[in-house]
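Trainee: A predicted structure for the sequence below; I have some questions about it.
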There are 2 protein chains.
Amino acid sequence: MTAQAFNVLRLGYRKGRDPRITTHLALVSRALGATDFLLAGDEDEGLFDNLQSVNDRFGGSMNCEHVGAGLGWLKRFSTADAGDGEPGVTVHLTMYGEPYRSVIPRIRRDRPVTVVVGGAKVPSDVFEHAHYNVAVGNQPHSEVAALALFMEAWFGEGGTERHFPEARLVIEPSARGKAVHDNERDEESEDSLT
Amino acid sequence: MTAQAFNVLRLGYRKGRDPRITTHLALVSRALGATDFLLAGDEDEGLFDNLQSVNDRFGGSMNCEHVGAGLGWLKRFSTADAGDGEPGVTVHLTMYGEPYRSVIPRIRRDRPVTVVVGGAKVPSDVFEHAHYNVAVGNQPHSEVAALALFMEAWFGEGGTERHFPEARLVIEPSARGKAVHDNERDEESEDSLT
């Protein structure tokens, strides 16, 4: 069994209003092991360029793609074709759903997965098309936090300790200060990223 | 031993630029069990009103407070007085730090804790004053995600399954749709919150 695709689908993106939250969603997707980040709603080349620049510096190859309004893509993925002619598994993160820790063990792992993260208003179709409506706590908090907690529970504790192939910059864990190894220059350096 | 204060200190808040990220940080703090959310940088009454409104509807009593630039508060808390005349424990979340899962078991739990979440540029003083510089993965991602993963690891899996006292609205976990119990009206209802 090869590793399955793990997509994160961000619905209802509004370019003027959501860039930072959506950038955080994409960076969490990358850092915790998604293969694809799919943006529905407005297009945003600048956001994708940012993410490509993170791949270029810190490694990895998460793919970013715009998928129109998203519902058509989601319906096709859930019911017909996850890329290989068979349906995939869809998990919708919502504060109204079932507790994620009890749902995750019920989800099959031999098919591509799409985690759906809503925008301001989620169409009721999404609740219908999703195979699982999953809550990370039934309190209002943050789709960024919900995605991170779900993915970490899905991939296990190693989710946050990944090594990314072809990284130019590698951060060395440190009790004090910032230690960055630049593989291109083969030197340790300070870096202003936070 | 009574439950200790658990503070989240958000440094470098800029009113025009960060409201949504900072709101997410505060909502995650509340949902996962912080007693206090401390805002350093710009003041923002509207942001605090929003959080109070969440407490009013969904219960709980997380306190919100503005603490000036934050470094003075942090130094006092870390070295002199966590509210009872003795120093507290300070944990700084940074992508440059040591892996959180290996650090958490070393942190004492009988003293008030402050988790520091940086803004765009974190002064080097923070790295110095923090008792622990802790990374939730050494990849660039999101302070919202880092806070959520740290708090969930700190409080255990129950972190996301809290019950909040004096809640008016209680969400009933559901495989399909939105089920909200309104304790004031003593009825089930649909709600447009996402």
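Mentor: Here it is on my side, so go on. Residues are numbered from 1 along each chain as shown, chains lettered A, B, ... in the order given.

Trainee: what's the nearest residue to the residue sitting nearest the centre point of chain A if we skip its chain neighbours?
Mentor: Closest residue to the average C-alpha location of chain A: residue A:29 at 2.6 Å, with CA atoms, centre = their mean. Nearest residue to residue A:29, sequence neighbours excluded (CB to CB, 6 or more residues apart in numbering or on different chains): residue A:8, at 4.2 Å. Every residue, glycine included, has its C-beta placed from N, CA and C.

Trainee: again, but for residue A:114
Mentor: Closest to residue A:114 by CB to CB, 6+ apart is residue A:7, at 4.3 Å.

Trainee: The helix or strand where the one you found lies: what's the following helix or strand?
Mentor: Using DSSP states H and E, residue A:7 falls within strand A:6-13. Using DSSP H and E, the helix or strand that follows strand A:6-13 in sequence is helix A:19-32.

Trainee: other SSEs contacting that following helix?
Mentor: Helix A:19-32 is packed against strand A:6-13, strand A:36-41, helix A:45-58, helix A:143-155, helix B:19-32, helix B:143-155, with contacts defined by 3 or more CB pairs under 8 Å, 6 or more residues apart in numbering or on different chains; DSSP states H and E.

Trainee: quick one: contacts for the residue nearest to the centre of chain A?
Mentor: Applying CB atoms under 8 Å, 6 or more residues apart in numbering or on different chains to residue A:29 gives the contacts A:8, A:37, A:62, A:147, A:151.

Trainee: Can you show me the CA trace of stretch A:169-184 as PDB?
Mentor: Provided in PDB are the C-alpha atoms of stretch A:169-184 (Å, rounded to 0.1, in the frame of the first residue of the first chain):
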ATOM      1  CA  LEU A 169      17.100  25.700   5.200                       C
ATOM      2  CA  VAL A 170      17.000  23.300   8.200                       C
ATOM      3  CA  ILE A 171      16.200  24.600  11.700                       C
ATOM      4  CA  GLU A 172      18.200  22.900  14.400                       C
ATOM      5  CA  PRO A 173      16.100  22.700  17.600                       C
ATOM      6  CA  SER A 174      17.600  24.900  20.300                       C
ATOM      7  CA  ALA A 175      16.900  25.800  23.900                       C
ATOM      8  CA  ARG A 176      18.100  29.400  23.300                       C
ATOM      9  CA  GLY A 177      18.000  31.500  20.100                       C
ATOM     10  CA  LYS A 178      17.800  30.600  16.500                       C
ATOM     11  CA  ALA A 179      20.000  28.000  14.800                       C
ATOM     12  CA  VAL A 180      19.500  27.600  11.000                       C
ATOM     13  CA  HIS A 181      21.600  25.400   8.800                       C
ATOM     14  CA  ASP A 182      21.800  26.600   5.200                       C
ATOM     15  CA  ASN A 183      22.600  23.500   3.100                       C
ATOM     16  CA  GLU A 184      23.400  25.600   0.000                       C
END
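
Trainee: Which positions in that stretch come out as buried?
Mentor: A:169-171, A:173-174, A:178-181 (16 or more other CB atoms under 10 Å in any protein chain shown).

Trainee: Excluding covalently adjacent residues, which one is nearest to residue A:165?
Mentor: Distances taken as CB to CB, 6+ apart place residue A:59 nearest to residue A:165, at 5.6 Å, with adjacent residues excluded.

Trainee: how about that neighbour, phi and psi?
Mentor: Main-chain dihedrals, residue A:59, degrees, to the nearest 10: phi 90, psi 180.

Trainee: ok, it - contacts?
Mentor: Contacts of residue A:59 by CB under 8 Å, 6+ apart are A:163-168, A:170.

Trainee: Which pair of these spans the longest distance?
Mentor: Across the contacts of residue A:59, the longest distance by CB to CB is 13.6 Å; it joins A:163 and A:168.

Trainee: Who has more neighbours out of the two?
Mentor: residue A:168 (13 against 10; other CB atoms under 10 Å in any protein chain shown).

Trainee: distance of that one from residue B:97?
Mentor: Look at residue A:168 and residue B:97: by CB to CB, to the nearest Å, they are 21 Å apart.

Trainee: what do you get for residue A:115?
Mentor: Residue A:115 sits 27 Å away from residue B:97, going by CB to CB.

Trainee: same deal with residue A:50?
Mentor: Distance, residue A:50 to residue B:97, by CB to CB: 23 Å.

Trainee: Compare neighbour counts for those two and give me the winner.
Mentor: Using other CB under 10 Å, the more surrounded residue of residue A:50 and residue B:97 is residue B:97, with 26 against 15.

Trainee: now residue A:170, nearest residue through space, not along the chain?
Mentor: Spatial nearest neighbour of residue A:170, chain neighbours left out: residue A:181 (4.6 Å); criterion: CB to CB, 6+ apart.

Trainee: just checking, the one you found touches residue A:172?
Mentor: Yes. Proximity of residue A:181 to residue A:172 meets the contact threshold set by CB atoms under 8 Å, at 5.9 Å.

Trainee: right, is the longest strand along chain A up against chain B?
Mentor: The single longest strand within chain A, with elements called by DSSP state E, is strand A:89-99. Yes. Using CB under 8 Å from any CB of the partner chain, strand A:89-99 reaches chain B at A:94-99.

Trainee: Would you list the strands that the helix or strand containing residue A:181 pairs with, along with their directions?
Mentor: Per DSSP H and E, residue A:181 falls inside strand A:180-182. Using DSSP bridges, strand A:180-182 pairs in its sheet with strand A:169-171 (antiparallel), strand A:187-189 (antiparallel).
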